[in-house]
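S.K.: Dropping a prediction and its sequence here:
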Amino acid sequence: MNLKLAAGSDPATTDGRDTVLTVTGLGKRYRGGRDNTWALRDCSFTLPAGSVTALVGMNGAGKTTLLSILAGLLTPTAGHLTLPSTGQGGADGARIAFVAQEKPLYRYFSVADMLQVGARLNRVWDQERALRWLRRFDIPLDRACGRLSGGQQAQVNFAIALGSRPSVLLLDEPVSTLDPLARSEVTAELLTEAADTGMTVLLSTHVVGELVGVADHLLLLAKGRLLAAGEIDTLLENHLHYVGPRADVPPGPGQVVWASHTDNQSVFLVRLPETGPVPPVDAPWTTRPVTLEEFVLAQLKKVRTAGEGEA
Ligand SMILES: Nc1ncnc2c1ncn2[C@@H]1O[C@H](COP(=O)(O)OP(=O)(O)OP(=O)(O)O)[C@@H](O)[C@H]1O
């Protein structure tokens, strides 16, 4: 795989934190792909150490492809990853754990047996950390994995991933099989693990509404390309809603990302210019901030509309 270990000190990210992973020009074209298109194209971003990054995008956007490349399970067609040669992973680099959507557990192995497999397969292993997670979620150690529910199997996968003491934890739709209570508990526990250990988390999800207070960074993918990447607070601060009477153009500065109209009202979601504060708008126009969900939906609707225009 195209993986580089960076020599010397780690590059710092824009928010001043060390970088744990740098992705440059990453692309993937599947061999024999139906229409020879790229599943992932020209992706460049960094993951700051200790950050929790949400990877969001429509079905087929390339999220699993990206995570699989980062996990070393797929070879990129273009570009490369750079992991620092020093840091939490020790002199031999970062340790990456991947919890995939499918659950690679042996049906007839007990949960305790699966932990042993984890211990054998990983150079670094923290049995107590894995056990702590299973106890926290009442997963019986003596139960065969094939007799666990989908959500319980997901918990075993989390436990094995955490037992490997990753410096980077990659999660592909981690809470999709969990009930609402388990979702919020797992999310909270993962954040605690990340805060306690300095672990960096990258998780793909479709549930943008549940990301508030969880993720601090965003990677937004559409049709294999990165639409937005960066600190969520900064992305949201750089966007604004203008709300007012029906109009064709917004009443203030900014590049329109998405506009919606009724007979007597218009709402413009704009990307603000980089320089200077935004002047106040004249009544009856008002402004209001953009939520993460509104930002993501506007960006995706824009791409879909552009795609319809091309078709
Ligand atoms: N093994 C494969 N061979 C050929 N094409 C593939 C393969 N795996 C994925 N693709 C294609 O690559 C694109 C990206 O797929 P990927 O699974 O990465 O998307 P995703 O964002 O994870 O989707 P979802 O949200 O539905 O899980 C899709 O068009 C998909 O059809």
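M.R.: Perfect, thanks for sending it. Numbers count the residues shown, from 1 in each chain.
S.K.: Residues of the stretch 1-150 of the chain that sit close to the ligand?
M.R.: Within the stretch 1-150 of the chain, the positions adjacent to the ligand are Y30, G33, A39, G57, N59, G60, A61, G62, K63, T64, T65 by C-beta under 6 Å from any ligand atom. Where you see a C-beta, it was placed from the backbone N, CA and C, and this is true even at glycine.
S.K.: For the residue lying closest to the fourth one once chain neighbours are set aside, list the residues it contacts.
M.R.: Just to be clear, that refers to G57. Spatial nearest neighbour of G57, excluding adjacent residues (C-beta to C-beta, 6 or more residues apart in numbering): L221 at 3.5 Å. L221 is in contact with C43, L55, V56, G57, A61, G62, K63, L66, L227, counting by C-beta atoms under 8 Å, 6 or more residues apart in numbering.
S.K.: Check which helix or strand L221 maps to.
M.R.: Assigning secondary structure by DSSP states H and E places L221 in strand 217-222.
S.K.: any idea of the mean pLDDT for that strand?
M.R.: For strand 217-222, mean pLDDT rounds to 96.
S.K.: quick one: the next helix or strand after it to strand 217-222, angle?
M.R.: Counting by DSSP H and E, the next helix or strand C-terminal to strand 217-222 is strand 225-231. Put simply, strand 225-231 runs at 170 degrees to strand 217-222, going by axes from the mean of the first three to the mean of the last three C-alpha atoms, to 10 degrees.
S.K.: who does strand 225-231 touch, helix- and strand-wise?
M.R.: strand 40-48, strand 217-222, helix 292-310 (3 or more C-beta pairs under 8 Å, 6 or more residues apart in numbering; DSSP states H and E).
S.K.: Between helix 292-310 and it, find me the angle.
M.R.: 160 degrees.
S.K.: which outside residues touch strand 225-231?
M.R.: So strand 225-231 is in contact with 14-15, 41-45, 216-221, 235, 295, 299-300, 303, going by C-beta under 8 Å, 6+ apart.
S.K.: export stretch 251-269 as PDB, just CAs?
M.R.: Presented in PDB, the C-alpha positions along stretch 251-269 are these (Å, rounded to 0.1, in the frame of the first residue of the first chain):
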ATOM      1  CA  PRO A 251     -29.500  40.700   0.700                       C
ATOM      2  CA  GLY A 252     -25.900  40.400   1.900                       C
ATOM      3  CA  PRO A 253     -22.500  39.000   0.900                       C
ATOM      4  CA  GLY A 254     -21.700  35.300   0.500                       C
ATOM      5  CA  GLN A 255     -21.800  32.600  -2.100                       C
ATOM      6  CA  VAL A 256     -25.100  30.800  -2.200                       C
ATOM      7  CA  VAL A 257     -24.800  27.100  -1.400                       C
ATOM      8  CA  TRP A 258     -28.600  26.500  -1.300                       C
ATOM      9  CA  ALA A 259     -31.700  28.600  -1.600                       C
ATOM     10  CA  SER A 260     -35.300  27.600  -0.900                       C
ATOM     11  CA  HIS A 261     -38.400  29.600  -1.700                       C
ATOM     12  CA  THR A 262     -42.000  29.700  -0.900                       C
ATOM     13  CA  ASP A 263     -44.500  32.200  -2.400                       C
ATOM     14  CA  ASN A 264     -43.500  34.900   0.100                       C
ATOM     15  CA  GLN A 265     -40.300  33.800   1.800                       C
ATOM     16  CA  SER A 266     -36.700  33.000   0.700                       C
ATOM     17  CA  VAL A 267     -34.000  31.400   2.700                       C
ATOM     18  CA  PHE A 268     -30.400  31.500   1.400                       C
ATOM     19  CA  LEU A 269     -27.600  29.400   3.000                       C
END
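S.K.: Many thanks, we can stop here.
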